[in-house]
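Asker: Here is the input, now give the coordinates:
(2 chains)
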2 protein chains.
Amino acid sequence: MRQSNEENSERFAESSRGLLSVVGIGPGHDDLIAPKALEAIAAADLVVGYSTYIKLVKHLLKDKDIVRTGMTEEIGRARAAIDEARKGRKVTVISSGDAGVYGMLSLIFQVLQEDGWTRDANPELRIVPGISAINSCASLVGAPLGHDFCAISLSDLLTPWPSIRKKIDRAADADFIIGLYNPASGRRQRQIVEAQEIIAKYRPGTTPVAIVKSAYRKQQSAVVSDLDNFLDYEIGMNTTVIVGSNQTIVYDGFMVTPRGYTNKYTWDGEVLEGQQPARSLNLDALPVREES
Amino acid sequence: MRQSNEENSERFAESSRGLLSVVGIGPGHDDLIAPKALEAIAAADLVVGYSTYIKLVKHLLKDKDIVRTGMTEEIGRARAAIDEARKGRKVTVISSGDAGVYGMLSLIFQVLQEDGWTRDANPELRIVPGISAINSCASLVGAPLGHDFCAISLSDLLTPWPSIRKKIDRAADADFIIGLYNPASGRRQRQIVEAQEIIAKYRPGTTPVAIVKSAYRKQQSAVVSDLDNFLDYEIGMNTTVIVGSNQTIVYDGFMVTPRGYTNKYTWDGEVLEGQQPARSLNLDALPVREES
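Answerer: Predicted coordinates:
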């Protein structure tokens, strides 16, 4: 499959078929919603979303029809959006963060497939990426994502817990920075405790951990703690937890994961002996350090 | 460390100290740059960035001083930005995607630390998150990031190859969707081949793989291939590769990773026997499937 760049510059108001747009609104703050997502909302006849997200952008939804439903009603929401768009309406589905990351987009594809829809059929489908929670949360505590990272949802409502546990284990072993989405809820408290135990098998208790709640929203809080102590903080539905790698440091309250410049350069930008700027790191010339 | 939400609403023009803003411009297309990033650029006296990224937003930089440098000159760029901001100027450093993900942000923290800077000192530091490449590339091929994913840079210029190899291995074993940043360059061709070999130990050759080049830029191309065949496509500096998990499907040319709704629901939204909507998945009531 190839897509031309022209597709990206099509205006939302111009669709001749019914139009189903699926957009990420980032953390929900107007300053961090992409212009293209704002345009998709402005052009919509109907906006569909989880009630919390609808509330975040309600000032943008005057004169719009709205379908808002609660958690665990995602399939109904996807169906409503598709059915209304098929009638020829302009429907915009909003997810917080990026709609493709634990959002509505994947489910919408599944329901479309169930319906036998294809890309040239009605409705037309458009996707607008957004700033995912791991990125917005990271920006409030420094630069924790400075090297390889992963995102794991601790929700076992749809995913078997053993496969989540395995992901945590392998990610911890390979020294990924680990972003934990949906770490806990009113009913689900056990998973984050078990996640901590698994990670602690591979990383010291001093490993930096960020607990970010409601990033860029009214109830925002951002705390940098460590692996031994972060469970003392309130962790709930609106919290994202970022566990540093073995390289992550805390500096003046900021959590920072270095990219690795000190493996090759001095802070004056001089290349260290035995290394070359645009070549693979020469392992034989590395300063003495533990094996990774 | 706690930050209040008020901090987020400060205007960039209002800083009394020198101001160092580090912003992600997403894929670089105006439609996908957050308003807050645009504001940070508009308020700047000096804009600093890798020449390719400066070019992407050059129409926003009229009357701005510009420091643009090439690859492998990141330390010099960070130093220039910090030194100029310390003089009292408004300096905005731009990275493509999210500045915290393989971008300039982590390096800037390291140079600031080297200088003995603290958060109340001059310059003031502000961070604006952006849409990371994995998200913008995913949006062009469907919903590949519908479940747990990781990002791995295949560049071994600063990171020892054995530790990158271990990350690929553990991520493949745990069935993460794998986003490969910096998969290859003119000189570096070996890593993506080795990555393919490692992943193929754990996943069938039919596993969907997306090859996305220059997302939302003029040279954009997006192809969905599979693990056996994706190396036949051109993979270079501006390519991001997304390898699906064992759950990922291709449907009408779209790459989609299901979240897991069929574990609990019918497509009419009815709860399957033995399951409860807001409770952990009951593993004893799952339809027969391979263990994960």
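
Asker: phi, psi of residue A:166?
Answerer: With angles defined as degrees, to the nearest 10, residue A:166 sits at phi -60, psi -40.

Asker: Burial check on it, number of neighbours?
Answerer: Neighbourhood size, residue A:166 [other CB atoms under 10 Å in any protein chain shown]: 17. Quick note: C-beta positions are derived from backbone N, CA and C, even for glycine.

Asker: Look up how far residue B:145 lies from it.
Answerer: Separation of residue A:166 from residue B:145 (CB to CB, to the nearest Å): 19 Å.

Asker: shaky segments in the stretch 51-200 of chain A?
Answerer: A:71-72 (pLDDT under 70).

Asker: Would you map the helices across it?
Answerer: A:51-56, A:74-86, A:105-114, A:133-139, A:161-173, A:190-200 (DSSP state H, counting those that start in this stretch).

Asker: could you give the angle of the second one to helix A:105-114?
Answerer: It stands for helix A:74-86. 60 degrees (axes from the mean of the first three to the mean of the last three CA atoms, to 10 degrees).

Asker: Which strands or helices does helix A:74-86 pack on?
Answerer: strand A:19-24, strand A:46-50, strand A:65-69, strand A:90-95, helix A:105-114 (3 or more CB pairs under 8 Å, 6 or more residues apart in numbering or on different chains; DSSP states H and E).

Asker: Name the residues of the longest one that are buried.
Answerer: If you call a residue buried by 16 or more other CB atoms under 10 Å in any protein chain shown, then helix A:105-114 has these buried ones: A:105-113.

Asker: sorry, back to before: ok, which of the helices and strands packed on helix A:74-86 comes nearest residue A:216?
Answerer: strand A:19-24 (13.6 Å; CB to CB).

Asker: Out of the buried residues of helix A:105-114, which comes closest to chain B?
Answerer: residue A:106 (3.0 Å; CB to the nearest CB).

Asker: got the contact list for the closest one?
Answerer: Shown here is residue A:106, whose contacts under the criterion CB atoms under 8 Å, 6 or more residues apart in numbering or on different chains are A:100, B:143, B:146-147, B:256-259.

Asker: so of those, which ones are in strands?
Answerer: Counting by DSSP state E, those place B:143, B:256 in strands.

Asker: Take the contacts of residue A:106 and write them to JSON lines, including distance to residue A:33 and neighbour count.
Answerer: Below are those laid out as JSON lines (distance: CB to CB, whole Å; neighbours: other CB atoms under 10 Å in any protein chain shown):
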{"residue": "A:100", "distance to residue A:33": "16", "neighbour count": "30"}
{"residue": "B:143", "distance to residue A:33": "20", "neighbour count": "30"}
{"residue": "B:146", "distance to residue A:33": "22", "neighbour count": "30"}
{"residue": "B:147", "distance to residue A:33": "25", "neighbour count": "27"}
{"residue": "B:256", "distance to residue A:33": "25", "neighbour count": "28"}
{"residue": "B:257", "distance to residue A:33": "25", "neighbour count": "26"}
{"residue": "B:258", "distance to residue A:33": "27", "neighbour count": "20"}
{"residue": "B:259", "distance to residue A:33": "23", "neighbour count": "24"}
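
Asker: would you list the contacts of residue A:106 in CSV and tack on distance to residue A:129?
Answerer: Rendered in CSV, the data for the contacts of residue A:106 read as follows (distance: CB to CB, whole Å):
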residue, distance to residue A:129
A:100, 7
B:143, 11
B:146, 14
B:147, 17
B:256, 15
B:257, 15
B:258, 19
B:259, 17
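
Asker: And the contacts of residue A:106, which two are furthest apart?
Answerer: Farthest pair in the contacts of residue A:106, by CB to CB: A:100 and B:258, 12.3 Å.

Asker: Many thanks, we can stop here.
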